[in-house]
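A.B. asks: using only what follows, build the 3D model:
(chains A and B)
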There are 2 protein chains.
Amino acid sequence: MRIVIDAMGSDDYPTPDVAGAVLAAREWDDDIIIVGREEAIRQEMARHDTAGLKLEIVHAPEVIEMDDEPAWAAREKKNSSMHVGMTLVREGEADAYVSAGNTGGVLAVATLHTLRRIRGVKRPALAAILPLPAGRFVTLDIGANADCRPEYLIQFALMGHTYARAVLGCPEPRVALLSNGEEPGKGNTLVKDTYKLMSSSDLNFNFIGNFEPKEALAGEADVVVADGFTGNVFIKTLEATAKMLTNLIREEIKASPVTAMGGLLAKPAFGRVARRVDPFEVGGGPLLGVNGVVIVGHGRSNARAIKNAIGQARKAVQGGVVEAIRAGLAEEQP
Amino acid sequence: MRIVIDAMGSDDYPTPDVAGAVLAAREWDDDIIIVGREEAIRQEMARHDTAGLKLEIVHAPEVIEMDDEPAWAAREKKNSSMHVGMTLVREGEADAYVSAGNTGGVLAVATLHTLRRIRGVKRPALAAILPLPAGRFVTLDIGANADCRPEYLIQFALMGHTYARAVLGCPEPRVALLSNGEEPGKGNTLVKDTYKLMSSSDLNFNFIGNFEPKEALAGEADVVVADGFTGNVFIKTLEATAKMLTNLIREEIKASPVTAMGGLLAKPAFGRVARRVDPFEVGGGPLLGVNGVVIVGHGRSNARAIKNAIGQARKAVQGGVVEAIRAGLAEEQP
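C.D. replies: Numbering: from 1, shown residues only, chains lettered A, B, ... in the order given. The predicted structure follows:
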């Protein structure tokens, strides 16, 4: 397998990106292709022992920065590491592309300039794999499409189902719609119409109904479907609440010597908590619906997160996600 | 001041509801009118020392239950504690109504059968007062209107502004739109259109732009405006994440004797954390845009939460929220 990693992705590029590539090359027997400014990548690689590792560099002179306007950058920076990296996938010279860079940039370069939509896909969707105490689940769309129609959400459900089967190893993923109540009549117009459409259609996935956030977090579904606006608010509220609560607990524990001592003794427990909900253990989420495996990581990724994002890409390739989505869509539209 | 408390509201009615009324009558010098099944209320009151307290009972034979379909119950149970209680407010015999009952029921009885909309209000909205480490803020709509238009959101903003001034004591509340990004161009169509309308209008409140959940939780706004679907997902995700994380921490602390000992020492810190984000300290959120003060508490309310919801009602009456909303709307629509 050959996996492209964008060296110019993360907030601190190319340091964590290259370090993650080295970790991945050490752990798995895949070819890792590091795309970006060659000189910067070489300097970074010199800090690691790369003897015997299957690492290649492909030069790309331009960088789509975090604060670049995505559509503009995708159009104007044709020699960016995103364009060059995804073109390798499109040309069959690599199997997957991984980046912790500008999400809108990855979306625009993938859908408009390189890989493009799978035939029949109405809108590609960005998914997150959420690591929770109750297990992992896929949620999509988390931001590619702020305004959606029921037909898009049905396709998101199908793509999420396919990904959960291939990558999370669920034989029959339970697919739920994110809503403001569990009953069939709940939701805004989009959710109500989607519910009706899903209930009356002959679906090739297991639709289990509407879910409130609490059922989603309790691990009662493997795929949670939303429009990209609601899905984005959902995962960002989850992240922000976890961070707020963690900071508050830290502050209050430090506030007195006795509780500080308690915090010290309880530290291993906090470590276990952090590991059980650590987004860096997952590393990244897939952009689904384009002609190739694309994994988008968090800008704050460290080397371990990058390595795990590469691990996601491996599983998606092994699970034949792109082919399965193609086949699922062909079945859906006779 | 005369405040109505619905005795048949909470999940465990009338126990916490009556107990909360007694606490409120002890703390403040107001008349508390307990509405519901007289016999059940008398039995409950007999468990408290009510000598010298200004407590009255008004009988209402019917109960709108938690699992009643709201529109049906509001239409069919005309002698419910909700109808009788809100009618007292409408007739000027009481100043405010508090219930921990079926939220949809309160909404339907208030807007369709008793208090009705303030002239000029397009849609009443349900607000939550979120108690966070960074301070309290008002968020609305959290569920009254799943589908919204920009004109509704502008009115929600104005009503939230009015409430924050009257009840949270902010002289110049900062009003933000909940969105999937901070930049002006971010959001779904509703948020984008609302942003444009707010930016081009001569507003009588301080609009500070789009906010992601993290800025909202950091206390950077006093009023956070959303459609009722997104607002509902926002606060339910917040609640569900806090609960999930709390349970996980408890589980991991108990998992070994040393961390359990640490947990014991750190217990006062956890107590302080719980108090700083305790929804029962707030007690309830207002239904804004109807002709009267209405506070809706959580079904799981205990006596303290009921008392604090009555406290919210007092502040809303003292702050002249209903009159201020009327005046604000009159100013908005010349």
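A.B. asks: what's in contact with stretch A:23-33?
C.D. replies: With Cβ atoms under 8 Å, 6 or more residues apart in numbering or on different chains as the test, stretch A:23-33 has contacts from A:1-5, A:21, A:50, A:53-58, A:85, A:88, A:94, A:303-304, A:306-307, A:310-311, A:314. For every residue, glycine as well, the C-beta is placed using N, CA and C.
A.B. asks: of those residues, buried ones?
C.D. replies: Buried members of the contacts of stretch A:23-33, counted by 16 or more other Cβ atoms under 10 Å in any protein chain shown: A:2-5, A:21, A:53, A:55, A:57-58, A:85, A:88, A:94, A:303-304, A:306-307, A:310-311, A:314.
A.B. asks: now, those residues that are in helices?
C.D. replies: A:21, A:85, A:88, A:303-304, A:306-307, A:310-311, A:314 (DSSP state H).
A.B. asks: output those residues as CSV; include the columns pLDDT and distance to residue A:62.
C.D. replies: Listed next are these as CSV, based on pLDDT from 0 to 100; distance: Cβ to Cβ, whole Å:
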residue, pLDDT, distance to residue A:62
A:21, 97, 20
A:85, 98, 12
A:88, 98, 16
A:303, 97, 24
A:304, 96, 28
A:306, 97, 21
A:307, 97, 25
A:310, 97, 23
A:311, 96, 28
A:314, 96, 27
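A.B. asks: can you name the two of these that sit furthest apart?
C.D. replies: A:88 and A:304 (24.5 Å; Cβ to Cβ).
A.B. asks: correct me, but residue A:116 touches residue A:290?
C.D. replies: Yes: Residue A:116 lies in contact with residue A:290 (Cβ atoms under 8 Å); the separation is 6.5 Å.
A.B. asks: now do the shared contacts for these two.
C.D. replies: With Cβ under 8 Å, 6+ apart, residue A:116 and residue A:290 have common neighbours residue A:110.
A.B. asks: who's more crowded, the two?
C.D. replies: residue A:290 (26 against 17; other Cβ atoms under 10 Å in any protein chain shown).
A.B. asks: tell me the pLDDT of the more buried one.
C.D. replies: Looking at residue A:290, its pLDDT reads 98.
A.B. asks: for it, name its beta-bridge partners.
C.D. replies: residue A:117 (DSSP bridges).
A.B. asks: is it true that it touches residue A:115?
C.D. replies: Yes: applying Cβ under 8 Å, one finds residue A:290 in contact with residue A:115, separated by 4.3 Å.
A.B. asks: could you measure from residue A:27 over to chain B?
C.D. replies: Going from residue A:27 to chain B by Cβ to the nearest Cβ, to the nearest Å gives 27 Å.
A.B. asks: wait, residue A:128
C.D. replies: 13 Å.
A.B. asks: run a quick neighbour tally on the residue nearest to residue A:167 when sequence neighbours are not counted.
C.D. replies: Nearest non-adjacent residue to residue A:167, counting by Cβ to Cβ, 6 or more residues apart in numbering or on different chains: residue A:315, 4.5 Å away. Residues contacting residue A:315 under the criterion other Cβ under 10 Å number 18.
A.B. asks: and residue A:315, how far from chain B?
C.D. replies: 25 Å.
A.B. asks: and for residue A:87?
C.D. replies: 28 Å.
A.B. asks: over to residue A:71?
C.D. replies: From residue A:71 to chain B the distance is 11 Å (Cβ to the nearest Cβ).
A.B. asks: OK, contacts around that residue?
C.D. replies: Contacts of residue A:71 by Cβ under 8 Å, 6+ apart are A:104, A:108, A:112.
A.B. asks: change it to 6 Å
C.D. replies: Counting by Cβ atoms under 6 Å, 6 or more residues apart in numbering or on different chains, residue A:71 touches residue A:108.
A.B. asks: ok, residue A:73 next?
C.D. replies: With contact set as Cβ under 6 Å, 6+ apart, residue A:73 has these partners: A:64, A:105.
A.B. asks: chain A: strands as residue ranges?
C.D. replies: For chain A, applying DSSP state E gives strands covering A:2-6, A:31-36, A:55-59, A:96-99, A:125-132, A:135-140, A:174-178, A:206-211, A:223-225, A:284-288, A:293-297.
A.B. asks: of those strands, which is nearest residue B:262?
C.D. replies: Comparing the strands of chain A under Cβ to Cβ, the one sitting nearest is strand A:125-132, at 24.0 Å.
A.B. asks: quick one: strands adjacent to that closest one?
C.D. replies: Paired strands of strand A:125-132, defined by DSSP bridges, are strand A:135-140 (antiparallel), strand A:284-288 (antiparallel).
A.B. asks: got the angle for the last one vs strand A:293-297?
C.D. replies: What it means is strand A:284-288. With axes from the mean of the first three to the mean of the last three Cα atoms, to 10 degrees defining the directions, strand A:284-288 sits at 140 degrees from strand A:293-297.
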